[in-house]
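In: Starting from these lines, generate the structure:
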Amino acid sequence: MTKKVSSPAPSDDNQSNEKGFYNKAAIESFAKSGNQHRDYSNLVPGISGRPGLSFDDYYSFRPDEQISSSFAGVFKQADEVYNKCGLIWNIINLMTDFTTKGIRVVHKNKKKEKIAREWFARIEGLHVSERFTNYFYRLGNVVALRYTAKLKNENILYTQGKADLDVFPMPEKAEKGVIPWRYVFLHPACCEVVGGELSRFVDDPIYSIKFSSKVRRQITNPKSEEEKQIIQKLPADIVAAVKESRPYILDKNRTIVYHFKKDDWNPWALPITYPILADINILQKLKLADVCALESAASKIRIFRLGVLENYMQEPPDPTAVSKFASFIENSVGGGTIDVIWGKDVDIIETDLSNSASFLGEDKYKPTLNNIYTTMGVPITLTSTYSGGAGASGSQMSLKTLTERLHYGRTNLLDFWQAELEMFAKALGWREAPQIEFDQTILANEDTEKQLLIQLADRNLISDETLQLKFNLNPDMEKVRTNRENRERDSGRRVKKAGQWFDPQHKEKLTQIALQSGAVTPSQVGLELEDPKPGEIKQIQKLQQKGAGDQKKNPGISGQGRPGGKKDSQKRKTPKFSTRSSVLAWAMDAQNRISDILQPAILKTFNKSNIRKLTDQEYNTSEQIKFDVLCAFKPFDTINLDQVNEAVKSNNTYPQLREEIANRVNDYRRLTNTEPTIDQIRLIQSEVYNMLYT
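Out: As a prediction, this is how the structure comes out:
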């Protein structure tokens with residue numbers, strides 16, 4: 001875009017100085033603001049001091065950026081920041097969503113729980129919770145008015161709508177059937193604490209509403225029929241307060257007030273955005289600076305000079321020309337190319353002013369944004385301004401700050417609803433009030449902590465109630481639910497839970513035991529078997545044939561034995577223990593002692609932490625080493641660490657014995673169709689060792 005500016009009319013030099021080089025009115029205003037007492041000129045002859053500028057001096061020229069000194073002004077500024085700054089809007093809404101996530105009403109009695117949840121849905125409890133939390137974080141204070149409704153019975157909650165119920169303010173005394181039904185939130189900027197500083201000495205301060213002049217005019221002088229109808233619906237005490245030009249006193253029986261970390265000596269709490277109001281102003285100015293830089297990104301000045309001065313250095317510049325050139329610069333603020341006609345001879349001078357690239361960029365935003373994120377409790381490592389360098393402990397601390405802040409907001413919301421639920425239960429004549437539960441919102445990695453809690457509960461080092469509280473569960477509710485489910489499982493209405501105390505395949509195992517013991521036949525359990533092939537003999541038939549052969553070798557006749565109850569006529573011989581059985585028993589015990597001595601060395605050799613981590617090949621190798629050490633001892637030798645070390649160093653092997661053990665293990669597999677256990681393998685090894693020495 002090209003702008004053509006003609007030569008201005010001649011003007012007075014003094015006037016041009018006042019308009020072009022300084023603002024006389026601004027300086028006079030600065031002098032009247034009370035800052036003239038800081039004038040340190042002519043302290044001594046020829047010496048003057050220049051006073052420094054403070055934020056008060058800065059705000060004297062920019063009153064719109066100054067932070068208000070009243071609570072009502074701070075509330076308005078915090079509200080304006082929330083509505084105009086997308087960063088603050090997003091953070092506060094995110095905190096609100098995390099705080100109210102999964103809110104629900106529960107009760108020990110399922111019927112009463114259904115009624116309480118219906119009431120919570122009819123009063124829009126989720127919306128009320130969201131607004132309560134949003135105002136709590138945004139303004140630091142929540143002021144709400146409670147309206148109630150009269151219920152004849154509990155079924156009205158399911159049949160009637162809100163318009164069908166008689167809604168009225170909370171009565172002074174609790175009445176049966178009067179339940180909370182509607183909540184109206186008030187902006188704290190329009191509320192005042194009655195008594196001012198005197199309210200700090202009482203436990204229940206009284207609040208009032210100060211109506212604006214616009215509201216007063218609407219009530220005293222309505223302009224339309226619609227406004228007249230609205231005024232007729234207003235409570236009489238509100239209309240009377242407006243007409244008498246006095247504040248409207250809020251009923252303390254239905255006024256609910258909560259504060260965010262309020263100081264005892266202040267009537268109100270400060271919003272969480274109060275410490276960063278100045279930073280948000282700086283952020284807005286940085287954005288404005290970027291807008292201005294973008295508009296002047298292609299700025300250029302072209303001067304058409306008419307005539308050439310011969311003695312330019314000797315002749316001073318014309319004051320009128322200087323004033324005219326200054327007016328060009330002041331009036332050309334929209335960017336683009338400026339064409340200037342100047343002088344007597346034609347001479348074109350082009351000047352490119354497009355140096356905004358050095359100013360545009362995101363680096364200038366980082367300090368301000370980091371301060372805002374830190375104050376709001378958002379970890380810098382989770383933001384787009386993070387470029388590395390921050391420690392993990394600092395990030396964890398910031399995340400913990402945000403978590404604790406959300407927990408504080410949820411605690412106040414829980415306190416608000418528990419009071420309302422107590423009132424609801426008392427109105428319906430319930431002995432126990434419903435309770436509020438939330439979904440667990442995890443912002444930090446708490447897996448390790450929760451796993452440790454579960455292990456402590458398994459070892460009975462902490463109670464189940466403590467564990468449930470750590471998971472944000474209600475122990476009373478969980479106890480009722482657990483007992484109810486156990487009764488349903490006992491009655492067969494619920495499938496039993498699989499675990500270490502219950503085998504879901506118990507019928508199949510009982511069937512297997514019955515078949516193995518011969519109590520039932522395969523056809524009785526629904527098992528259909530094919531006929532054996534020619535030449536195949538069942539294992540049980542072999543055992544029966546062997547038993548019949550033993551009976552034929554040692555036939556007996558009934559009555560040949562000693563009569564019952566008769567004592568021996570001769571003294572019996574002292575029984576002699578078989579050397580074979582003694583060696584077998586010693587070998588089995590020796591194997592256990594050798595295994596205990598060699599196991600640490602074997603694990604260290606294979607670089608394993610426990611015996612279960614050994615592979616099949618490593619395990620078989622270790623068992624062969626233990627058997628070779630056993631064969632190095634003679635029966636009934638003393639087995640200790642030194643003797644075992646000597647046996648290992650001898651490095652003796654017994655391949656024939658190993659082959660015999662392998663054959664016997666294969667026979668066991670073939671006869672039983674199962675794999676032998678470690679105890680069974682060691683028993684076979686002991687029998688082979690016994691065969692070697694006996």
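
In: and R664, how far is that from T674?
Out: Counting by C-beta to C-beta, to the nearest Å, the separation of R664 from T674 is 15 Å. Every residue, glycine included, has its C-beta placed from N, CA and C.

In: These two: which has the busier surroundings?
Out: Set R664 next to T674 and count neighbours by other C-beta atoms under 10 Å: R664 wins out with 17 against 9.

In: Now for E437: which residues touch it?
Out: Counting by C-beta atoms under 8 Å, 6 or more residues apart in numbering, E437 touches G102, I103, R104, V105, V106, N472, L473, N474, M477.

In: how about it, phi and psi?
Out: Per-residue torsions, E437: phi -130, psi 150 (degrees, to the nearest 10).

In: Just the ones of the contacts of E437 in strands?
Out: Under the assignment DSSP state E, those contribute R104, V105, V106 to strands.

In: beta partners for the first one?
Out: What that stands for is R104. For R104, the beta-bridge partners under DSSP bridges are E437.

In: Can you get me a residue count around it?
Out: Number of residues near R104 (other C-beta under 10 Å) recorded here: 16.

In: What residues does the closest residue to P275 other than its chain neighbours make contact with?
Out: Of all residues not flanking P275 in the chain, T375 sits nearest, at 5.5 Å (C-beta to C-beta, 6 or more residues apart in numbering). Contacts of T375 were listed using C-beta under 8 Å, 6+ apart, and they are I272, P275, I276, D279.

In: Those residues, buried ones only, as a ChimeraX selection?
Out: Entered in ChimeraX, the line below selects the buried ones among the contacts of T375, by 16 or more other C-beta atoms under 10 Å:
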select :272,276,279
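
In: low pLDDT regions in the stretch 251-400 of the chain?
Out: Scanning the stretch 251-400 of the chain for pLDDT under 70 picks out 295-318, 322, 325, 329-330, 332-361, 379-398.

In: of the ones in strands among the contacts of E437, closest to R246?
Out: Nearest to R246 out of these is V105 (C-beta to C-beta; 40.5 Å).

In: Tell me the predicted confidence for that closest one.
Out: Per-residue confidence (pLDDT) for V105: 91.

In: same thing with the one 4 residues further on?
Out: Reported pLDDT at N109 in the predicted model: 88.

In: does the nearest residue to D476 once chain neighbours are set aside sit in a helix, a strand or a coil?
Out: Closest residue to D476 apart from its sequence neighbours, by C-beta to C-beta, 6+ apart: K108 at 6.6 Å. Taken by DSSP: H, G, I helix; E, B strand; the rest coil, the conformation at K108 corresponds to coil.

In: so who does K108 touch?
Out: Here K108 is in contact with E432, D476, M477, V480 (criterion: C-beta under 8 Å, 6+ apart).

In: ok, the second one - how many residues close by?
Out: Spelled out, it's D476. For D476, using other C-beta under 10 Å, the count is 14.

In: Checking my notes, I625 in a helix, right?
Out: Yes - under three-state DSSP, I625 falls within a helix.

In: sorry, back to before: hang on, the residue nearest to P275 in a strand?
Out: No - read with three-state DSSP, T375 is helix and lies in no strand.

In: what's the neighbour count on the residue nearest to E130 when sequence neighbours are not counted?
Out: The shortest distance from E130 to any non-neighbouring residue, by C-beta to C-beta, 6+ apart, is to T100 (5.4 Å). Close neighbours of T100, defined as other C-beta under 10 Å, add up to 24.

In: so what's T100 up against?
Out: T100 neighbours (C-beta under 8 Å, 6+ apart): L126, S129, E130, T133, L413, F438.

In: redo that, cut-off 6 Å
Out: By C-beta atoms under 6 Å, 6 or more residues apart in numbering, the contact set of T100 is S129, E130, T133.

In: Same list, the residues you listed, but as TSV with pLDDT please.
Out: Shown next, in TSV, are the contacts of T100 (pLDDT from 0 to 100):
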residue	pLDDT
S129	95
E130	95
T133	94
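
In: tell me the secondary structure for I282?
Out: Recorded secondary structure, I282: helix (three-state DSSP).

In: and the residue nearest to Y258 when sequence neighbours are not counted, what element?
Out: Excluding the flanking residues, the one nearest Y258 by C-beta to C-beta, 6+ apart is V142, at 4.4 Å. If you go by DSSP states H and E, V142 is part of strand 141-150.

In: hmm, back to that, quick check: which of the contacts of K108 has the minimum pLDDT.
Out: Within the contacts of K108, pLDDT reaches its minimum at D476, with 83.

In: roughly how far apart are it and F636?
Out: 66 Å.

In: Next, count neighbours for T621.
Out: T621 has 15 neighbours, counted by other C-beta under 10 Å.

In: same deal with K262?
Out: K262: 15 neighbours (other C-beta under 10 Å).

In: The one 4 residues further on now?
Out: Here the number of neighbours of N266 (other C-beta under 10 Å) works out to 12.

In: in stretch 255-266, what's buried?
Out: Those buried within stretch 255-266 under the rule 16+ other C-beta under 10 Å are T255, I256, V257, Y258, H259, F260.

In: ditto for stretch 268-282
Out: In terms of neighbour count (16+ other C-beta under 10 Å), stretch 268-282 has its buried residues at 268-274, 276-277, 279-282.

In: can you list these in JSON lines and add distance to L657?
Out: Output for the buried residues of stretch 268-282, formatted as JSON lines (distance: C-beta to C-beta, whole Å):
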{"residue": "W268", "distance to L657": "93"}
{"residue": "A269", "distance to L657": "87"}
{"residue": "L270", "distance to L657": "88"}
{"residue": "P271", "distance to L657": "87"}
{"residue": "I272", "distance to L657": "82"}
{"residue": "T273", "distance to L657": "85"}
{"residue": "Y274", "distance to L657": "88"}
{"residue": "I276", "distance to L657": "84"}
{"residue": "L277", "distance to L657": "90"}
{"residue": "D279", "distance to L657": "86"}
{"residue": "I280", "distance to L657": "88"}
{"residue": "N281", "distance to L657": "92"}
{"residue": "I282", "distance to L657": "89"}
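
In: Just to be sure, which of those residues are found in helices?
Out: Judged by DSSP state H, helices contain the following of the buried residues of stretch 268-282: L277, D279, I280, N281, I282.

In: which one of the residues you listed sits closest to F75?
Out: Closest to F75, out of all of those and judged by C-beta to C-beta, is L277, at 11.7 Å.

In: who touches that closest one in this structure?
Out: L277 touches I67, Q77, counting by C-beta under 6 Å, 6+ apart.

In: How about the one 4 residues further on?
Out: Contact analysis of N281 by C-beta under 6 Å, 6+ apart lists E65.

In: before we move on, what about V178?
Out: T148, K150, A427.

In: repeat for I249
Out: S208 are the contacts of I249 under C-beta under 6 Å, 6+ apart.

In: what sits opposite it in the beta ladder?
Out: Counting by DSSP bridges, I249 is bridged to S208.

In: how close does it sit to K228?
Out: I249 sits 25 Å away from K228, going by C-beta to C-beta.

In: For the stretch 151-300 of the chain, just list every one of the strands.
Out: Applying DSSP state E, counting those that start in this stretch to the stretch 151-300 of the chain gives strands spanning 167-169, 178-186, 191-193, 207-209, 248-249, 255-259, 300-305.

In: Quick one: list the elements packing against the third one.
Out: Looking back up the chat, that one is strand 191-193. In terms of contacts (3 or more C-beta pairs under 6 Å, 6 or more residues apart in numbering; DSSP states H and E), strand 191-193 is packed against strand 207-209.

In: rewinding a little: what about the residue nearest to D476, distance to A240?
Out: According to C-beta to C-beta, K108 stands 47 Å off from A240.

In: can you check Q643 too?
Out: 108 Å.

In: quick one, which of these two is more surrounded?
Out: The neighbour comparison of Q643 against A240 (other C-beta under 10 Å) goes to Q643, with 16 against 11.

In: residues touching L598, list them.
Out: L598 neighbours (C-beta under 6 Å, 6+ apart): K626.
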